[in-house]
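# the sequence and its predicted three-dimensional model are supplied below.
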Amino acid sequence: MRHVLGIDLGGTKTAGGIVDAGGNVVFSAAVPTPAQAGADSVLRAAAKLAASLLAEAESRGLQVDALGIGSAGVIDSARGVVLSATDSIRGWAGTALTAELSARTGLRCTALNDVHAHALGESWLGAGAGVPSVLFLGMGTGVGGSYVLNGQPLEGASFAAGHTGHLASPFAVESGQPVPCSCGGAGHVEAVASGPGIFALYTRLGGSTAADTRGVYALAADGDPVAAKALHRGAAAAGSAIGGLANVLDPHIVVVGGGLAFAGPLWWNTMETQARAELLPPLADLLIVPAQLGETAAIRGAARRALTLIPATEGSHA
């Protein structure tokens, strides 16, 4: 059986795994991303991780034929270039991602945005397996999404599709003024529904006990009214966005991932209640479910793209 290497390259961590044609992660490893050291340092770290995984594969007698990368940023997947990126990875915009890592690893290479990779993994083997269309939402440090139709994430004319965190939200307005967002705009979902958005809202409401979003959740679970208000509003903003997107896209299933999706019932129940309040009547029975693949989702999604680089005669992935 042929194998490929899937890499999930984020601003904090770069994870990789050797994946077989059936989507099984044979083994994996991760290293910190030297995000503030610049693009070349990030590429060197990813190449070093790839080299260690390839060496292990060779020691096991496994042939690895291609490399797939799910990367932070807006990725031109046709050229394998980072079109734009936040400062979570310094100098990342403009990086020739596939050319650089192909040269450093000797493998055929493909790349796509990391949230699209996550969604592709879930639609292939996770919570969205076996259905034609999957709306994926990632709720964590940021808010992102992807719509996977017949096994392909829709990346958009400018490869910028999926910025679900930057929809306008009625929950991101305070005293008539839109809440500033990480993108430089204001009044967006991410401003109040992301982990940092919920924590910032908690502090604006007068909370001072919690040190981070996890602390806000713990206080809310214990009945703290300020923490509960912040968590409820953040979850409701997420649900409102999910319901609205479902009305537009009419997916077979909605899959919700990211840290907040697994925080517990306080967040999930509020999110789902608000999402269902938004749904049009024909979508009343829409499934809204948590992601299943955890940290391997983006690795598997990137690997799925890499498998397309192998001629059908070389493997059984088709």
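Yes, it's here.
# average pLDDT for the longest helix anywhere in the chain, rounded please.
When the chain is parsed with DSSP state H, its longest helix is helix 225-249. Regarding helix 225-249, the rounded mean pLDDT is 98.
# what helices or strands is it leaning on?
Using 3 or more Cβ pairs under 8 Å, 6 or more residues apart in numbering; DSSP states H and E as the contact test, the elements touching helix 225-249 are strand 133-139, strand 143-149, helix 190-193, helix 195-204, helix 213-221, strand 253-257, helix 265-278. The C-beta positions use only the backbone N, C-alpha and C, and glycine is treated the same way.
# what residues of the fourth one count as buried?
Translated: helix 195-204. If you call a residue buried by 16 or more other Cβ atoms under 10 Å, then helix 195-204 has these buried ones: 195, 197-202.
# wasn't residue 70 part of a strand?
Yes. Under the criterion used here (DSSP: H, G, I helix; E, B strand; the rest coil), residue 70 sits inside a strand.
# mind checking how far residue 153 is from residue 269?
Plainly put, residue 153 is 28 Å away from residue 269 if you go by Cβ to Cβ, to the nearest Å.
# surely residue 7 and residue 67 touch.
Yes. Checked against Cβ atoms under 8 Å, the pair residue 7 and residue 67 is within contact range at 6.8 Å.
# what is in contact with those two at once?
Both residue 7 and residue 67 are contacted by residue 50, under the criterion Cβ atoms under 8 Å, 6 or more residues apart in numbering.
# can you tell me how far residue 228 sits from residue 175?
Computed as Cβ to Cβ, the residue 228 to residue 175 distance reads 21 Å.
# list the contacts of the nearest residue to residue 195 once chain neighbours are set aside.
Closest residue in space to residue 195, ignoring its immediate chain neighbours: residue 213 at 4.1 Å, by Cβ to Cβ, 6 or more residues apart in numbering. Counting by Cβ under 8 Å, 6+ apart, residue 213 touches 195-196, 198-199, 260.
# can you rerun that using 10 Å?
If a contact means Cβ atoms under 10 Å, 6 or more residues apart in numbering, then residue 213 has 140-141, 194-200, 202, 227, 230-231, 234, 259-260, 263 as its contacts.
# what strand or helix carries the residue nearest the centre of the chain?
Nearest to the mean C-alpha position of the chain, counting by Cα atoms, centre = their mean, stands residue 115 at 3.0 Å. According to DSSP states H and E, residue 115 maps onto helix 114-125.
# quick one, that helix and strand 133-139 angle?
Between the direction of helix 114-125 and that of strand 133-139, the angle (axes from the mean of the first three to the mean of the last three Cα atoms, to 10 degrees) works out to 130 degrees.
# need the buried residues of helix 195-204 in JSON lines (columns: pLDDT and distance to residue 166).
What follows is the buried residues of helix 195-204, written out as JSON lines (pLDDT from 0 to 100; distance: Cβ to Cβ, whole Å):
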{"residue": "195", "pLDDT": "96", "distance to residue 166": "16"}
{"residue": "197", "pLDDT": "97", "distance to residue 166": "12"}
{"residue": "198", "pLDDT": "98", "distance to residue 166": "17"}
{"residue": "199", "pLDDT": "97", "distance to residue 166": "19"}
{"residue": "200", "pLDDT": "97", "distance to residue 166": "16"}
{"residue": "201", "pLDDT": "98", "distance to residue 166": "17"}
{"residue": "202", "pLDDT": "98", "distance to residue 166": "22"}
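# would JSON lines of the residues you listed with distance to residue 149 be doable?
Formatted as JSON lines, the buried residues of helix 195-204 follow (distance: Cβ to Cβ, whole Å):
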{"residue": "195", "distance to residue 149": "29"}
{"residue": "197", "distance to residue 149": "29"}
{"residue": "198", "distance to residue 149": "31"}
{"residue": "199", "distance to residue 149": "35"}
{"residue": "200", "distance to residue 149": "35"}
{"residue": "201", "distance to residue 149": "34"}
{"residue": "202", "distance to residue 149": "37"}
